[in-house]
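K.L.:
model the structure of this input:
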Amino acid sequence: MPLYELLCLARPLLRKDELGRMIQKVGSMVHSKGGVITNVNSYGEQNLAYKIKGVQGKFDKAQIWQLNFAVSPEALQEINMAMRVDEDILRWVVVKRDLDKPPNPRKMFHQLSEHAEFLTPPTRQQGGSLGL
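P.N.:
You can find the predicted model right below:
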């Protein structure tokens, strides 16, 4: 089973118990399809970069939560349909994750000497200018 990451933006006016039921609903769908939940994160109410139109108006804040799970690709279609019909969900995205941990970019730059210059701050020349 592939590993997926779901990031969801929900209405900001949801109470904690409503948000919990929303997460539990998706989690129970994953379990009913033989999947496994690996991680759940709730980031609370966050300001958005721009207003998002929902069924109940435009929102400049959202309750943001993340769910990592492993499930068959066929079950993913049902999860997407459930997210689409829920009026409390403003936006969501499901990303397929690799099972291997992604490499640390800092270590990659150190290994490639041609990129090492980007990790050090620019040096000042005499007179205080950057020499541009």
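
K.L.:
show me the longest strand that occurs in the protein.
P.N.:
strand 36-54 (DSSP state E).

K.L.:
can you list contacts of that one?
P.N.:
For strand 36-54, the external contacting residues (CB atoms under 8 Å, 6 or more residues apart in numbering) are 1, 3, 9, 11-12, 19, 23, 27, 30-31, 58-71, 87, 90-91. The C-beta positions use only the backbone N, C-alpha and C, and glycine is treated the same way.

K.L.:
what comes up buried for it?
P.N.:
Within strand 36-54, the residues scored as buried using 16 or more other CB atoms under 10 Å are Ile37, Ser42, Ile52, Gly54.

K.L.:
still on that earlier bit, of the contacts of strand 36-54, buried ones?
P.N.:
Counted by 16+ other CB under 10 Å, the contacts of strand 36-54 give 3, 9, 11-12, 19, 23, 30, 59, 62-65, 67-71, 90 as buried.

K.L.:
looking at the residues you listed, which are in helices?
P.N.:
The helices, defined by DSSP state H, take in Leu19, Ile23, Val30 from these.

K.L.:
ok, the second one - contacts?
P.N.:
With contacts defined as CB under 8 Å, 6+ apart, Ile23 is in contact with Val40, Ser42, Trp65, Leu67.

K.L.:
what do you get for Asn68?
P.N.:
Contacts for Asn68 (CB under 8 Å, 6+ apart) come out as Leu3, Tyr4, Glu5, Leu6, Ile37, Thr38, Asn39, Val40, Arg97.

K.L.:
before we move on, the earlier item: please save the CA atoms from the longest strand of the chain in PDB.
P.N.:
The C-alpha coordinates for strand 36-54 follow below in PDB (Å, rounded to 0.1, in the frame of the first residue of the first chain):
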ATOM      1  CA  VAL A  36      -3.300   2.300   8.400                       C
ATOM      2  CA  ILE A  37      -3.000   5.900   9.800                       C
ATOM      3  CA  THR A  38       0.600   6.700  10.600                       C
ATOM      4  CA  ASN A  39       0.400  10.300  11.800                       C
ATOM      5  CA  VAL A  40      -2.200  13.100  12.600                       C
ATOM      6  CA  ASN A  41      -1.300  16.700  13.100                       C
ATOM      7  CA  SER A  42      -3.600  19.700  13.800                       C
ATOM      8  CA  TYR A  43      -2.100  23.100  13.200                       C
ATOM      9  CA  GLY A  44      -5.100  25.100  14.600                       C
ATOM     10  CA  GLU A  45      -6.500  28.200  13.100                       C
ATOM     11  CA  GLN A  46      -4.000  29.900  10.700                       C
ATOM     12  CA  ASN A  47      -4.100  33.100   8.600                       C
ATOM     13  CA  LEU A  48      -4.200  32.400   4.900                       C
ATOM     14  CA  ALA A  49      -2.200  34.300   2.200                       C
ATOM     15  CA  TYR A  50      -5.500  35.200   0.400                       C
ATOM     16  CA  LYS A  51      -9.200  34.700   0.800                       C
ATOM     17  CA  ILE A  52     -10.600  31.300  -0.100                       C
ATOM     18  CA  LYS A  53     -14.200  31.000  -1.300                       C
ATOM     19  CA  GLY A  54     -16.200  28.300   0.500                       C
END
